[in-house]
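Student: fold the following and give me the result.
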Amino acid sequence: MRSRKIVVKGPRGTLSRTFKHLAVDIKMEGTRKIKVVKWFGKRKELAAVNTVCSHIQNMFKGVTRVCAKFLSTLMFVVKFTKPIEEISKNLYHKYLFLN
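Tutor: Purely as a prediction, here's the structure:
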């Protein structure tokens with residue numbers, strides 16, 4: 001950690017992020033604590049402190065845990081009361097992004 005640049009190394013790789021656009025102090029306290037401080041800040045500036053803390057926590061999670069996302073499929077049944085061309089035309093417009 002140097003000049004608001006955070007580098008996190010772990011078993012799953014290395015992540016780095018710079019926070020130079022925010023006027024906050026970032027310090028290491030011991031080996032397991034990081035302190036983020038904003039002096040004399042307004043309400044929106046103080047919200048940046050929580051944002052930085054959340055980013056750092058997510059970086060730790062990213063290099064230590066396995067991330068997996070499972071997508072479920074959507075099934076539906078169509079009764080053929082209309083001609084197939086008209087049904088397929090309507091379904092194409094309504095359900096184009098479902099698959």
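
Student: the longest helix in this protein is where?
Tutor: In the chain, ranked by residue count with DSSP state H as the criterion, the top helix is helix 43-64.

Student: which stretches of the protein aren't confidently modelled?
Tutor: Across the chain, the stretches falling below the confidence threshold (pLDDT under 70) are 1, 67-99.

Student: 50 instead, please
Tutor: Segments of the chain classed as low confidence (criterion: pLDDT under 50) are 90-99.

Student: show me where it has helices.
Tutor: 43-64, 84-94.

Student: which of the residues in the longest one are classified as buried?
Tutor: Of all the residues in helix 43-64, those buried under the rule 16 or more other CB atoms under 10 Å are 48-49, 52, 56, 59. Yep, even glycine has a C-beta here, placed from its N, CA and C like the rest.

Student: output the contacting helices and strands for it.
Tutor: For helix 43-64, the contact count by 3 or more CB pairs under 8 Å, 6 or more residues apart in numbering; DSSP states H and E identifies strand 5-10, strand 13-18, strand 33-37 as packing neighbours.

Student: can you do 10 Å?
Tutor: strand 5-10, strand 13-18, strand 25-29, strand 33-37 (3 or more CB pairs under 10 Å, 6 or more residues apart in numbering; DSSP states H and E).

Student: pairing partners for the third one, with directions?
Tutor: Translated: strand 25-29. For strand 25-29, the paired strands and their directions (DSSP bridges) read strand 33-37 (antiparallel).

Student: what does the strand it pairs with rub up against?
Tutor: Under the criterion CB atoms under 10 Å, 6 or more residues apart in numbering, residues 1, 4, 6, 19, 22, 24-29, 48-53, 55-57, 60 lie in contact with strand 33-37.
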